[in-house]
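A.B. asks: Predicted model, plus sequence, below.
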Amino acid sequence: MRRLPFDEAIASVALALMTLIPLLEIALRPLHGRGIENAAVLVQHLGLALAMFGAILAERTGHLTTLGGGFAAARNPRLRLAARLFADGSAALLAGMLAAASWNFVASELDGGRELAYGLPVWAVQALMPLGFVILAVRLGARPPEGAGGAWIRWLRGTALATVGFLFARHFDGATLPLLPFVLWLLAALLAGAPIFAALGGLALALFWSEGQPLASVPLSHYQITVNPSLPALPLFTLAGLVFARSGAAARLGALFTACFGGGALGTVAAAAVLCSFFTAFTGGSGVTILALGGLLLPLLRDAGVPERRGISLVTSASALGVLLAPSVPLIMYAIIARVPINTMFLAGLLPALVMVACLLVFGGYLRRGGIAPATPRPKADPRRALAAAWAARWEILAPVVAIGSLASGIATPTESAALTAAYALLTQAVTHRELSWPLLRRCLADCAQVIGGVMVILGMALGLTNYLVNAGIPDAAVEWAQAVLPGKFAFLLALNVFLFAAGALMEIYAAIVVLVPLLLPVAQSYGIDPVHFGVIFLAVMEMGFLCPPAGMNIFFASAMFGKPIREVAVSVLPALLAIFVGALVISWVPEIATWLPGVLLGG
């Protein structure tokens, strides 16, 4: 086996330990009355290592989130080269500034003397932040656009840009600098194709600079969110979902849903919608669902008599609907930011998810008859065949029971529940089905690290921006403005849906959660809207963002998966956008859809 690159090795080891330590803690507590020293805090700080080196891995493999190609995807080769050099150079400078701000934060912790466990000082783990940002800065500056020089020139350029950014931030820390030039530069870099984390982090730095405040506030926010007690659940649930997606679980579940709904056009359409939603909830990314299930479902839909364009539209749009189903990453992320119990959000999203799927199928036109006739007669729903398929997929069917049951019953904390689910996925696919080889496990660990690292570096920068806005009193001003302009609750809900639709098209969903929820939740509460209901509305509307350029990544994944032009895929999902918006309005105006189940089962 060839040696792993250092970023993949560190991120994979951190993820493996995040899975193992909670399991040991569950086993040791009843046996010895105590477990591993500061186990929860250790796991949280392993999340910091995963976030930083996962982001480095995402950069190396080209998976750092951008708004799309921007000018870096222009047809003119000179414009394309200039845009890439500007975007990557700007990102390198900004990452260098973030490294300096992070070092200032770590330096302030050196004299604290705090320990994690077993003599390991806290600052030693915190030092991964400036180290990670330095590596990111050098790599971003050394990216190889065509015609931009040899390898040694690129690495020299990357090192120089990282150094300039670092020294600039160190020199002007605490100084007051004008805001407008920074904003114009960041907007140009974002449109040229710079990573979103760099633009958000740069904007947070610029805002603190405009007030003459210490820059260490930005990495402090990144540190706070990466070591949040509930956050380790995100990578662990994502790992479980990726294991299922990369093994034969998709085929077994596909056979089960087809047997339950029938193999005709209507049954296959319903099965595809439910299966895509279920998979997205576990994988943490609708793009992963399209890649995992697209090649399986499109031929089934086509053979059942569904036109190819409608089938592509269904797979693309249904893959966005798992956001409301446990244990989806955005659902957990909202619970963390809004300080709502995770098990409450798990229950609150169940009925709204069913409503969204029903609206998609009915109002999206996927249940209408017409198209091409199936090549062969398709089997109808068959209880015997469904039972046989359910037995074959029994381990996959029990996965939500493990995830939700262990948490709702109180047996496990959110992190321990996620670790149990990840271990369950690994064991069932490796031992029972014998489908998880070492190369496939390595791929799952690396993919999970990339997804989480790319997301966490965005979240950390977004939280720094949010903290500035909250301290500036923006939420209070928003409450006063909304109550003056919007006369009642229903007017606010309609305006909220329209605003979130626009935000979803422009913002990555995780950044939107961190930036917008602290600003909008107080406004919603001023209209008497429950935080749980608001969270369901927020996530339901943001699902549309997966289908809208420039942030609608489902369109790009579907275009690559099915070999269709982006324009064709974007047009095909327009009916789905309308259907999802209708579903969001229904959920907005009938709060019991979100609040009834948690109230019955949890008594709140």
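C.D. replies: Alright, I've got the coordinates. Numbering: from 1, shown residues only.

A.B. asks: Tell me which stretches of the stretch 101-250 of the chain form helices.
C.D. replies: Ranges of helices in the stretch 101-250 of the chain, per DSSP state H, counting those that start in this stretch, are 122-126, 128-141, 151-172, 180-192, 196-210, 217-226, 233-246, 249-261.

A.B. asks: In which helix or strand does residue 555 reside?
C.D. replies: helix 553-562 (DSSP states H and E).

A.B. asks: buried sites along that helix?
C.D. replies: For helix 553-562, the neighbour count (16 or more other CB atoms under 10 Å) marks 553, 554, 555, 556, 557, 558, 559, 561, 562 as buried. Just so you know, the C-beta spots here come from the backbone N, C-alpha and C atoms, and that holds for glycine as well.

A.B. asks: repeat for stretch 123-130
C.D. replies: Neighbour-count burial for stretch 123-130, counted by 16+ other CB under 10 Å, picks out 123, 125, 126, 127, 128, 129, 130.

A.B. asks: for it, how far is the first residue from the last?
C.D. replies: 11 Å (CA to CA, to the nearest Å).

A.B. asks: quick check, distance from it to the centre of its chain.
C.D. replies: Distance, stretch centre to chain centre, for stretch 123-130: 24 Å (CA atoms, centre = their mean, to the nearest Å).

A.B. asks: Which residues does it contact?
C.D. replies: Residues from elsewhere that reach stretch 123-130 (CB atoms under 8 Å, 6 or more residues apart in numbering): 45, 48-49, 52-53, 99-100, 102-103, 105-106, 109-110, 112, 114, 116, 219, 222-223.

A.B. asks: just stretch 403-411 next, same as before
C.D. replies: Residues contacting stretch 403-411 (CB under 8 Å, 6+ apart): 237, 240, 326-327, 342-343, 346-347, 412-414, 416-418, 420-421, 601.

A.B. asks: ok, 10 Å please
C.D. replies: Identification of contacts with stretch 403-411 by CB atoms under 10 Å, 6 or more residues apart in numbering yields 26, 233, 236-237, 240, 281-282, 326-327, 341-344, 346-347, 350, 398, 412-422, 424-425, 601-602.

A.B. asks: Any buried residues in it, and which?
C.D. replies: Quick answer for stretch 403-411 (16+ other CB under 10 Å): 403, 404, 406, 407, 408.

A.B. asks: Let me know the average pLDDT across it.
C.D. replies: Averaged across stretch 403-411, the pLDDT comes to 73.

A.B. asks: Report the backbone C-alpha coordinates of that stretch in CSV.
C.D. replies: What follows is stretch 403-411, C-alpha atoms only, in CSV (Å, rounded to 0.1, in the frame of the first residue of the first chain):
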residue,chain,number,x,y,z
ALA,A,403,-28.8,6.6,14.8
ILE,A,404,-32.0,8.0,16.2
GLY,A,405,-32.9,5.3,18.7
SER,A,406,-29.6,5.6,20.6
LEU,A,407,-29.9,9.4,20.8
ALA,A,408,-33.7,9.6,21.6
SER,A,409,-33.4,6.9,24.2
GLY,A,410,-30.7,8.7,26.1
ILE,A,411,-28.2,5.8,25.8
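
A.B. asks: Any of the contacts of stretch 403-411 buried? List them.
C.D. replies: Among the contacts of stretch 403-411, the ones that count as buried by 16+ other CB under 10 Å are 26, 233, 236-237, 240, 281-282, 326-327, 341-344, 346-347, 350, 412-422, 424-425.

A.B. asks: Next step: those restricted to helices.
C.D. replies: 26, 233, 236-237, 240, 281-282, 342-344, 346-347, 350, 414-422, 424-425 (DSSP state H).

A.B. asks: What strand or helix carries the residue nearest to residue 260 when sequence neighbours are not counted?
C.D. replies: If the residues on either side of it in the chain are set aside, residue 260 comes closest to residue 386, at 4.9 Å by CB to CB, 6 or more residues apart in numbering. For residue 386, the element it lies in under DSSP H and E is helix 383-392.

A.B. asks: what's the angle between that helix and helix 249-261?
C.D. replies: 160 degrees (axes from the mean of the first three to the mean of the last three CA atoms, to 10 degrees).

A.B. asks: Can you give the distance of whichever helix or strand residue 504 is part of from its chain's centre?
C.D. replies: Per DSSP H and E, residue 504 falls inside helix 489-506. Its chain's C-alpha centre and that of helix 489-506 lie 21 Å apart, by CA atoms, centre = their mean.

A.B. asks: Kindly report the same for stretch 111-125.
C.D. replies: On CA atoms, centre = their mean, the centre of stretch 111-125 falls 30 Å from that of its chain.

A.B. asks: Now do the end-to-end distance for that stretch.
C.D. replies: Taking CA to CA, stretch 111-125 runs 15 Å from one end to the other.
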